[in-house]
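> 3D model of this:
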Amino acid sequence: MNLLERLKTTLNDPATRDSNPEHTRELAAAVLLLEMEHADHEHDPREQDEIRRLLRETFHLTGDEVADLLEAARPAQREAISLHRFIQVLNDGMDVTDKRRVLEMLWQVAYADAHLDAHEEHLLRHLAELLHLPHREFIQAKLAVQGEAP
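Residues are numbered from 1 along each chain as shown. Below is the predicted model:
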């Protein structure tokens, strides 16, 4: 079974989710990154490129695996009524350090187009709260990413 088939199975079968926590976390993170990409209601290829780079580097995926992950995440993001199940996966399967890394990834997508939209910052604050990250972590993640910005 290729990565795309495993991700689709993981997404649709709760029993499989428990047996593939790594794939489930990758998928949940990808959905949040896609949500951030759409937060400003603008289509910018720099954000898409940043998402692909972040998924490849953070989860040590090949280009094909990133494509499969995004192919599974896009419909999940579009069809989601709420981000709760994706947040729950991350809260259940990640420690504070890993969740802060996800928050930094979200900041990197928000800054990829060289402009932080008010909707993006609002979503970032909301996701940080849902991930049970204190405001201090929110600010530290922002500053860490701003330090990387050109």
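> C-alpha coordinates for stretch 132-146, CSV please?
The C-alpha coordinates for stretch 132-146 follow below in CSV (Å, rounded to 0.1, in the frame of the first residue of the first chain):
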residue,chain,number,x,y,z
HIS,A,132,-2.7,24.3,24.5
LEU,A,133,0.4,26.4,23.8
PRO,A,134,0.8,29.3,26.2
HIS,A,135,1.0,32.8,24.7
ARG,A,136,4.8,32.8,25.5
GLU,A,137,5.1,29.9,23.0
PHE,A,138,3.0,31.8,20.4
ILE,A,139,5.4,34.8,20.6
GLN,A,140,8.5,32.7,20.7
ALA,A,141,7.5,30.8,17.6
LYS,A,142,6.7,34.1,15.8
LEU,A,143,10.0,35.6,16.8
ALA,A,144,11.9,32.4,15.7
VAL,A,145,10.3,32.5,12.3
GLN,A,146,10.8,36.3,11.9
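> and that stretch, what's buried?
Within stretch 132-146, the residues that qualify as buried by neighbour count (16 or more other C-beta atoms under 10 Å) are 133, 137-138, 141-142, 145. Glycine gets a C-beta too; all of them are placed from N, C-alpha and C.
> hey, where'd the helices end up in this protein?
Taking DSSP state H, the helices of the chain run over residues 3-12, 14-19, 21-38, 45-59, 63-79, 84-93, 96-111, 118-130, 135-148.
> tell me the angle the longest one makes with helix 63-79.
This means helix 21-38. Relative orientation of helix 21-38 versus helix 63-79 (axes from the mean of the first three to the mean of the last three C-alpha atoms, to 10 degrees): 60 degrees.
> next: the fourth one.
In terms of direction (the same axes, to 10 degrees), helix 45-59 departs from helix 63-79 by 120 degrees.
> how far away is the residue lying closest to L131 once chain neighbours are set aside from L106?
Spatial nearest neighbour of L131, excluding adjacent residues (C-beta to C-beta, 6 or more residues apart in numbering): K99 at 4.7 Å. To L106, K99 is 11 Å away according to C-beta to C-beta, to the nearest Å.
> more neighbours: those two, which one.
Per other C-beta atoms under 10 Å, whichever of K99 and L106 has more neighbours is L106, with 27 against 23.
> now do the contacts for the residue nearest to the more buried one when sequence neighbours are not counted.
Spatial nearest neighbour of L106, excluding adjacent residues (C-beta to C-beta, 6+ apart): M36 at 5.0 Å. By C-beta atoms under 8 Å, 6 or more residues apart in numbering, the residues touching M36 are 47, 106, 109-110, 120, 123-124.
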